[in-house]
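Participant: based on what follows, work out the 3D shape:
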Amino acid sequence: MASKPIIDVIIPAYNEADAIGLVLDEISEDLVRNIVVSNNNSTDNTGEVAKEHGAVVVFQPEPGYGNACLKAMDFIAKQEQKPDIIVFLDGDHSDYPEQISEIVAPILDGKADLVIGSRALGKSESGSLTPQQIFGNWLATRMLKLFYGVRFTDLGPFRAISYSSLLEIEMEDKNYGWTVEMQIKAAKKKLRSMEVPVDYRVRIGESKVSGTIKGTIGAGYKIILTLFKYL
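Facilitator: The predicted model follows:
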């Protein structure tokens with residue numbers, strides 16, 4: 001890895017105009033190269049706000065968290081100089097972007113290929129995680145251990161992965177299965193995975209997943225389906 005590693009950040013965003021500027025302002029310009037906001041067919045001015053705050057904005061008209069991430073990855077793949085590390089985080093201001101340095105540290109130290117920011121190990125504001133999120137993470141991480149022999153405490157979206165590892169696992173999920181797919185494929189490829197504690201706060205705006213019954217059921221179903229898919 002180069003003396004100064006190249007770190008790119010991917011932020012999938014759907015109707016996050018009220019939050020995305022705050023997120024971008026909290027990311028250290030000295031640490032990262034590109035911040036790619038994947039505007040997932042927002043009906044508000046998420047894209048415009050992101051550009052005003054210095055992000056590269058790509059537009060993904062197809063709905064889905066995974067679709068948004070894949071679109072941003074396409075942009076990065078076209079850069080002449082590829083990054084060393086990709087960081088993923090949400091655009092709703094629930095994550096603490098200043099903890100990026102903690103997320104990437106194990107990769108920079110040569111101790112890990114994939115690092116998950118665990119909200120279960122960090123400090124979460126009251127109400128930031130819904131009961132269904134807590135139960136869903138509990139169930140999914142135990143299934144990961146049972147089926148794939150890997151120990152995690154969270155499927156948190158705030159994570160870092162070496163770029164070579166990201167290419168190796170060939171991500172393909174287009175919506176709610178994205179995070180667990182990454183952890184499953186890392187296990188199957190025998191990549192070095194670890195967790196670091198991250199803090200979590202109440203998001204700005206309503207969650208598109210846990211904020212609705214439809215979103216909660218859809219996400220839960222897709223995560224369980226993905227857990228069985230790669231057996």
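Participant: which strands or helices does the lengthiest strand in the chain pack on?
Facilitator: Assignment by DSSP state E gives strand 7-13 as the longest strand of the chain. Contacts defined by 3 or more Cβ pairs under 8 Å, 6 or more residues apart in numbering; DSSP states H and E place strand 7-13 against helix 20-25, strand 35-39, helix 46-52, helix 65-77, strand 85-88, helix 100-108. Placement of C-beta: from N, CA and C, glycine included.
Participant: low-confidence stretches in the chain?
Facilitator: 1-2, 208-215 (pLDDT under 70).
Participant: about what we covered before: out of the helices and strands packed on strand 7-13, which one sits most buried?
Facilitator: strand 35-39 (a mean of 27; mean count of other Cβ atoms under 10 Å).
Participant: thought Asp44 was touching Ala17?
Facilitator: Yes. Using Cβ atoms under 8 Å, Asp44 is in contact with Ala17, at 4.3 Å.
Participant: which one's more surrounded, those two?
Facilitator: Ranked by neighbour count (other Cβ atoms under 10 Å), Asp44 and Ala17 place Ala17 first, with 19 against 15.
Participant: nearest residue to Asp92 other than its sequence neighbours?
Facilitator: Leaving aside its chain neighbours, Asp92 sits nearest to Arg203 (4.0 Å; criterion: Cβ to Cβ, 6 or more residues apart in numbering).
Participant: helices along this structure, start to end?
Facilitator: 20-25, 46-52, 65-77, 100-108, 131-148, 163-169, 178-188, 213-229 (DSSP state H).
Participant: I'd like to check what contacts the fifth one. Which residues are they?
Facilitator: Contacts to helix 131-148, defined as Cβ atoms under 8 Å, 6 or more residues apart in numbering, come from residues 119-120, 150-155, 180, 183-184, 187-188, 210, 216, 219-220, 223-224, 227-228, 230-231.
Participant: just the buried residues from those, in PyMOL please.
Facilitator: Selection of buried members from the contacts of helix 131-148 for PyMOL, criterion 16 or more other Cβ atoms under 10 Å:
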select buried, resi 119+120+152+153+154+155+180+183+184+187+210+216+219+220+223+224+227
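Participant: surely Gln183 touches Leu155?
Facilitator: Yes. In this structure, Gln183 is within contact of Leu155 by Cβ under 8 Å, at 6.9 Å.
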